[in-house]
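Trainee: pasting the structure only:
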């Protein structure tokens, strides 16, 4: 029996599911399993954190997988599987619909619980899986078998990472999935042993719990999947979220506090506060807003990320110095936010030409530019250079111009921008839809800084 | 007999010394040689372009070397040599004084001719020279012996390079010395064959006329000294002046014109014109002025060059974007001129911290900055970063601050700045002492561009 600190005991009292909650969710699960069994067309398996008893109080995500015979064709699985899922959902609720991750499934609300009914193949071993969903039952079997005695530790880790803003392997969070949390606790034998180890992690940390033969992974954190050795369970964890975990682990092991488990509320900033803040900082803020393309977050968010880097590069190539930039996807609109140190520039710029020893190109360049009323061509470091007029002297003009469509935006973002976008400036970037995001954009503390400031009462 | 183009013939008519000029200068030379012989203490040798008959009309620089026995000590040479030089000069003129290059010598004005009387050792072979001045007699013997029949070509080349602003091996010009011009004509057998070859030169061009065994040189243009194989006669030629010569060679061989031999007048710009120009360009101009340190150009100019690069680096490290910068030394004052694209910046900047896997430094950085009211520390690419207040939000403040003394200025420049310096801004940078330099700062055409614009009447 592990001795818990008072802090951890008190957290566990808040986050362990109540008996009532367990009975309620498992009651629904059993009924769904029975309904699948009655259909005679597939086996039902409860997977995810409910199955592993590692869910945190208040989470209401029940995943029931419908396991079909692997001899079924892909098309037949989709048709039959979705058909069965839909008919079962309809027997319990009116609130259900089709969703799509790697494969389509049915999502339903049954008595306040969000239930996903996911068709997959009942393969014999993890080596035979045909798609990612087929792997999930193996994860559940693996964890269920080994996690006994460590469930509280998993709950603590999940809450600890959630509080730090690093829980979730989605594209916006780039953090720690539930399965990764379970494996970390399993590997190190508990929440505190994990934190003690993680405090000393460096990038390219590899954990191979089953000592599988495996390939070389390039991600900052590698957790070899015990059921599929060529898969990195931590593939979604970005370098910054990995070191944020390291930072939190150091912070907690050095000075434990309840603050490490508190969930932070959305930040807020009024339009007037934004206006004052910008005046004080002396920077120039610009936003680009456009309708969210009709695809899931996993598809769109990577495109938003790529678009923002491409636009930052485009701004800096044009001489506008970017201090900070970020992106967010909301149901209705997406937002790009750019804080610039330099938003207005003189008319002129230097245009680099060929080296003079490239005679043909040098002569073309010289004769093309000789008619200009601006200085040059002149010679610098053996090359021709020329003064030319700058295309954009104001960042706003650049952001509002068609030139934005020339940078690497990603397919669906580009598609949406083709119908136009809004550019706003200064406090005009304020928008109720994005208020918490805008507030956080200017806060920018690391996860541990948030906690340390609470501890130090700053 | 070479057939000259009409252009070249007409140039030669302007630049060949007249018989009267020859008689006059050689008259003085002979009298000085006689006086040295009469002293019985040294031999006299006329060196330089007068001796080689490669001087251009109007040049009045007569170099007479006083060759002493190499057994004389260095101190005795300086005392005796200077004593003799002084006594000879005093017999011909009242206008003379001591000067200093690598060694002291006497410079005198005799009948409108600037005469340098330079003591040196009469060594047996160039391999035995004790200092650079001992080498000069060998250059003169070498050229005098071989240059017959190519003197007009040397005159054309000297005028061609002078017109292009690339004649002179001083630190400000970084161009072609008279001796280098003579060797180039000798090697290629004439002015036109040289230009045809030079049109195809690339950096790291090596010319080894005597096919000497030699060392590896790193300069852009290498002319192995026929009398001292480990010396590069073209060592002073910068990359940009080398390619400027290549450019001019291409231009002249493609389309010969008198304009390639015209000497340009000093450029001019009034204070009002400067003011208008800056308003039109939208840039910010700053100057730094300070008393010229009491040393020769060869000592000070490299320090000015280094200082300007160091200040440009300092400006850009502080976020001020430099478009163009240059330096000039006048007898009274030196000037640094900086044209900036960005001269005013917001209060905030990003301050990079250690990577988080450097635990000790990361924790120091975090706890030091946690009390700030500015955002951070936050994590970016695995490192801590922090927003801090910028030291200088206006370039002018930075240029006027003591921080300037922290950058790598060179000894004598720093010494002068310790007594203070003037910072001016915009049209306030205009100054009669530097007018041609300021005008040229904004012109910035390559040598060939100047000619081509005249040819095209632009």
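Mentor: Perfect, thanks for sending it. On a predicted model such as this, the values are computed, not experimentally measured, just so you know.
Trainee: So which bits of the stretch 201-350 of chain A are right by chain B?
Mentor: A:201-203, A:220, A:239-240, A:243-244, A:246-247, A:250, A:280-283, A:319, A:321, A:323, A:341-342, A:345-350 (Cβ under 8 Å from any Cβ of the partner chain). In this view, the C-beta of every residue, glycine as well, is placed from N, C-alpha and C.
Trainee: Domain map for chain A?
Mentor: A:19-146, A:151-261, A:271-344+A:393-448, A:348-389 (automatic domain parsing).
Trainee: ok, back up a step: from the residues of the stretch 201-350 of chain A next to chain B, which land in helices?
Mentor: When DSSP state H is applied, those are split such that A:239, A:240, A:243, A:244, A:246, A:247, A:250, A:280, A:281 fall in helices.
Trainee: Run through the residues that contact the third one.
Mentor: Pointing back at residue A:243 there. Residue A:243 is in contact with A:203, A:220, B:355, B:356, B:357, B:379, B:382, counting by Cβ atoms under 8 Å, 6 or more residues apart in numbering or on different chains.
Trainee: can you rerun that using 7 Å?
Mentor: Each residue near residue A:243 by Cβ atoms under 7 Å, 6 or more residues apart in numbering or on different chains is listed here: B:356, B:379, B:382.
Trainee: likewise the second one?
Mentor: Counting by Cβ under 7 Å, 6+ apart, residue A:240 makes contact with B:379, B:380, B:382.
Trainee: Listing partners with orientation, what would you give for the strand or helix carrying the first one?
Mentor: Using DSSP states H and E, residue B:379 maps to strand B:378-380. Sheet pairing of strand B:378-380 (DSSP bridges) gives strand B:383-389 (antiparallel).
Trainee: buried residues in whichever helix or strand comes after the strand it pairs with?
Mentor: Once the chain leaves strand B:383-389, the next helix or strand it forms, by DSSP H and E, is helix B:395-400. For helix B:395-400, burial by neighbour count (16 or more other Cβ atoms under 10 Å in any protein chain shown) applies to B:395, B:396, B:398, B:399, B:400.
Trainee: dump the residue contacts of the first one.
Mentor: When contacts are counted by Cβ under 7 Å, 6+ apart, residue B:395 touches B:284, B:286, B:315, B:320, B:340, B:343.
Trainee: and the last one, how many residues sit next to it?
Mentor: By other Cβ atoms under 10 Å in any protein chain shown, 23 other residues sit near residue B:343.
Trainee: Leaving out the residues flanking it, which one is nearest to it?
Mentor: With sequence-adjacent residues excluded and distances taken as Cβ to Cβ, 6 or more residues apart in numbering or on different chains, residue B:343 is closest to residue B:284, at 3.7 Å.
Trainee: Let me see the confidence value for that neighbour.
Mentor: Looking at residue B:284, its pLDDT is 98.
Trainee: Show me what it is bridged to.
Mentor: On the basis of DSSP bridges, residue B:284 is bridged to residue B:340.
Trainee: For it, give its distance to residue B:320.
Mentor: 9 Å (Cβ to Cβ, to the nearest Å).
Trainee: So which of these two has more stuff around it?
Mentor: Comparing residue B:284 with residue B:320 by other Cβ under 10 Å, the one with more neighbours is residue B:320, at 25 against 22.
Trainee: pretty sure that one contacts residue B:342?
Mentor: Yes - under the criterion of Cβ atoms under 7 Å, residue B:320 makes contact with residue B:342 at 5.6 Å.
Trainee: In the stretch 101-250 of chain A, what residue spans correspond to strands?
Mentor: A:104-110, A:113-121, A:205-207, A:221-225, A:228-232 (DSSP state E, counting those that start in this stretch).
Trainee: Please read the previous query as pertaining to the stretch 251-400 of chain A.
Mentor: So, for the stretch 251-400 of chain A - with DSSP E, counting those that start in this stretch - the strands run A:284-291, A:322-329, A:333-340, A:348-355, A:378-380, A:383-389.
Trainee: Is it possible to get CSV of these that adds distance to residue B:37?
Mentor: Listed next are those as CSV, based on distance: least, Cβ to Cβ, whole Å:
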stretch, distance to residue B:37
strand A:284-291, 79
strand A:322-329, 77
strand A:333-340, 77
strand A:348-355, 55
strand A:378-380, 49
strand A:383-389, 55
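Trainee: of those, which approaches residue A:103 most closely?
Mentor: strand A:322-329 (22.3 Å; Cβ to Cβ).
Trainee: Could you report the neighbour count for residue A:433?
Mentor: Counted with other Cβ under 10 Å, residues neighbouring residue A:433 total 14.
Trainee: picking up where we left off before, so what sits against both of residue B:284 and residue B:320?
Mentor: In contact with both residue B:284 and residue B:320: B:340, B:343, B:395, using Cβ under 7 Å, 6+ apart.
Trainee: Hmm, residue B:322 and the first one touching each other?
Mentor: Yes - counting by Cβ under 7 Å, a contact exists between residue B:340 and residue B:322, whose distance comes to 5.8 Å.
Trainee: Residue A:220 and residue A:245 touch, don't they?
Mentor: No - between residue A:220 and residue A:245 there is no contact under Cβ under 7 Å: 10.4 Å.
Trainee: These two: which is more packed in?
Mentor: The neighbour count for residue A:220 versus residue A:245, taken as other Cβ under 10 Å, is higher for residue A:245 (28 against 20).
Trainee: Which residues are in contact with that one?
Mentor: So residue A:245 contacts A:161, A:166, A:176, A:198 (Cβ under 7 Å, 6+ apart).
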